[in-house]
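[1] Structure for this input, please:
(one chain, ligands or ions: 2)
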Amino acid sequence: MKTQILNAGVDFDANIVYAAELIKQGELVAFPTETVYGLGADAFKEDAVKKIFLAKGRPQDNPLIVHLSSIEQLEDVAKDVPSEFFALKDAFMPGPLTVILKKSEKIPFVVTAGGDTVGVRMPSHPVAKRLIALSAPIAAPSANRSKHVSPTTARHVYDDLAGHIPLILDGGECKVGIESTVLDLTSDVPTILRPGAVTSSMLAEILGEVSENGRIIKIAKSPGMKYQHYSPKCAFVVASSLRRAKEEYLKVASEGQSPVIISKAPVEGFANIAIGEGESAAHNVYAAMREAEESYDYIIAEQLSNEGVEASVMNRVLKAAGGKLI
Ligand code: TXA
Ligand code: MG
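    Ligands and ions are numbered 1, 2, ... in the order given. Got it, this is the predicted structure:
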């Protein structure tokens, strides 16, 4: 299969219309969202959704998020929606938050991996919104090969999925850069299954209480969490300080390996990719991981703080490192 990349955005509406036609015909389209690129299919079409798992090499027991462009679409997707959802919607939607609700009968079980719940999200990216509005609620995971880092540019999607999907809509770099926060509203206490740009304290402000398994790396309930996600193609460790990162760098370099440090700020005299702090770190981290694995064989990431969006970035980085903190 040949994979086309088409520009999307205000001047390229015809391309979004074309992409919506593909979705309506049961085909896959990769599209930009504010978090990462998604690989979408019509959420109501079982055969179309099955193609997502094939294209990604994704295990069938990992459920997909359903993306909406308007709140009116919710009634076809979820049922028994609690009032908390609407409070969250007013505060954070459209935006980088996914909420787990009870699924409607209309959503096929292939979307929810056989479960009775469904993840719902309203992306804020104008291309995603328009694509959904012109077609249907779209089931979409991140548009990477299973186990690779999530894509934040159309080129990343192409690198992973060329030949497996017909179309990638190019909407530029994703603003947020890491995947949405996943919040389970079907448990007694709302529970964060995956941290993201909408943080626990932001959620607690709206909901009163939120459970977040204490440590950021032990968020175990999301079915996807048992797979080692986000793994780069080479050795990867997290260093507890920049000094520790430099020590490790010199050690592995002396053993003949080619290391690189992913750090907050530029580090002189060392192969290095700086990603900044806070939201900038989230925006840059996946591109940095891809760049590092292309040119080096040993990635050393400097540890960020345990606060806010940096904690969410560290969740992904520690996962990539298989938990190896030195
Ligand atoms: O930002 C995002 O969320 C991106 C963009 C494309 O929207 N999507 C994304 O999808 O990251 P994916 O499939 O790569 O990750 C979705 C996560 C998985 O860990 C999955 O297990 C969890 O959400 N999830 C989805 N539906 C669920 C459900 N019904 N119950 C529990 N966890 C669920
Ligand atoms: Mg993913």
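[2] Okay, now the sheet partners of the strand ranked longest in the chain, with direction.
    Ranked by residue count under DSSP state E, the longest strand found in the chain is strand 97-103. Here strand 97-103 is paired, per DSSP bridges, with strand 78-79 (antiparallel), strand 117-121 (antiparallel), strand 181-184 (parallel).
[3] Parallel or antiparallel, which strands does the helix or strand harbouring Ile5 pair with?
    Assigned by DSSP states H and E, Ile5 belongs to strand 4-7. The pairing partners recorded for strand 4-7 under DSSP bridges are strand 167-170 (parallel).
[4] Pull the partner strand out as CSV, backbone CA atoms only.
    Extracted C-alpha coordinates of strand 167-170, given in CSV (Å, rounded to 0.1, in the frame of the first residue of the first chain):
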residue,chain,number,x,y,z
LEU,A,167,-3.2,8.5,4.4
ILE,A,168,-1.4,10.8,6.9
LEU,A,169,-2.8,14.3,7.4
ASP,A,170,0.1,16.6,8.2
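[5] got any ranges where the stretch 101-250 of the chain has weak pLDDT?
    Scanning the stretch 101-250 of the chain for pLDDT under 70 picks out 214-231.
[6] ok, which residues in it are in contact with ligand 1?
    Residues of the stretch 101-250 of the chain lying near ligand 1 by C-beta under 6 Å from any ligand atom: 112, 115, 117-119, 121, 140-142, 179-180, 182, 193-194, 222-224. Yep, even glycine has a C-beta here, placed from its N, CA and C like the rest.
[7] at 8 Å instead, please
    Within the stretch 101-250 of the chain, the positions near ligand 1 by C-beta under 8 Å from any ligand atom are 103, 112-113, 115, 117-119, 121, 123, 140-144, 150, 176, 178-180, 182, 184, 193-194, 196, 221-225, 229.
[8] Thr90 in helix, strand or coil?
    Check again: residue 90 is Asp, not Thr. helix (DSSP: H, G, I helix; E, B strand; the rest coil).
[9] That should have said Glu291, apologies.
    helix.
[10] circling back to that earlier point, just the C-alpha atoms of the longest strand of the chain, please, in PDB.
    The C-alpha trace of strand 97-103 is given here as PDB (Å, rounded to 0.1, in the frame of the first residue of the first chain):
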ATOM      1  CA  LEU A  97      -7.900  14.600  28.800                       C
ATOM      2  CA  THR A  98      -9.400  11.100  28.300                       C
ATOM      3  CA  VAL A  99     -12.200  10.000  30.500                       C
ATOM      4  CA  ILE A 100     -13.200   6.400  31.000                       C
ATOM      5  CA  LEU A 101     -17.000   5.900  31.000                       C
ATOM      6  CA  LYS A 102     -19.500   3.100  30.600                       C
ATOM      7  CA  LYS A 103     -19.700   2.100  26.900                       C
END
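[11] For the helix or strand just after that strand, name the packing helices and strands.
    Moving toward the C-terminus from strand 97-103, the next helix or strand (DSSP H and E) is helix 109-112. When contacts are defined as 3 or more C-beta pairs under 8 Å, 6 or more residues apart in numbering; DSSP states H and E, helix 109-112 sits against helix 46-56.
[12] Run a quick neighbour tally on the nearest residue to Leu203 once chain neighbours are set aside.
    For Leu203, ignoring the flanking residues on the chain, the nearest one in space by C-beta to C-beta, 6 or more residues apart in numbering is Val210 at 4.6 Å. Burial of Val210 is recorded as 18 neighbouring residues (other C-beta atoms under 10 Å).
[13] Val210 and Leu88, how far apart?
    Computed as C-beta to C-beta, to the nearest Å, the Val210 to Leu88 distance reads 11 Å.
[14] hey, what's in contact with both of the two?
    Jointly contacting Val210 and Leu88 under the rule C-beta atoms under 8 Å, 6 or more residues apart in numbering are Leu183, Leu203.
[15] Would you mind giving the strands paired with strand 97-103 as TSV with mean neighbour count added?
    Output for those, formatted as TSV (neighbours: other C-beta atoms under 10 Å):
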stretch	mean neighbour count
strand 78-79	20
strand 117-121	24
strand 181-184	25
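[16] quick one: which of those strands is nearest Gly9?
    strand 117-121 (21.1 Å; C-beta to C-beta).
[17] CA atoms only: put the closest one into PDB for me.
    Taking Å, rounded to 0.1, in the frame of the first residue of the first chain, the C-alpha atoms of strand 117-121 are listed here in PDB:
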ATOM      1  CA  THR A 117     -16.000   0.800  29.500                       C
ATOM      2  CA  VAL A 118     -14.800   3.300  26.800                       C
ATOM      3  CA  GLY A 119     -12.200   6.100  26.800                       C
ATOM      4  CA  VAL A 120     -13.600   9.400  25.500                       C
ATOM      5  CA  ARG A 121     -11.700  12.400  24.500                       C
END
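[18] How far off centre is it?
    In terms of C-alpha atoms, centre = their mean, to the nearest Å, the centre of strand 117-121 is found 14 Å from the chain centre.
[19] what does it contact?
    Residues contacting strand 117-121 (C-beta under 8 Å, 6+ apart): 63-68, 74, 77-78, 93, 97-104, 107, 111-112, 180, 182, 184, 186.
[20] Among those residues, name the buried ones.
    63-68, 74, 77-78, 93, 97-101, 103-104, 107, 111-112, 180, 182, 184, 186 (16 or more other C-beta atoms under 10 Å).
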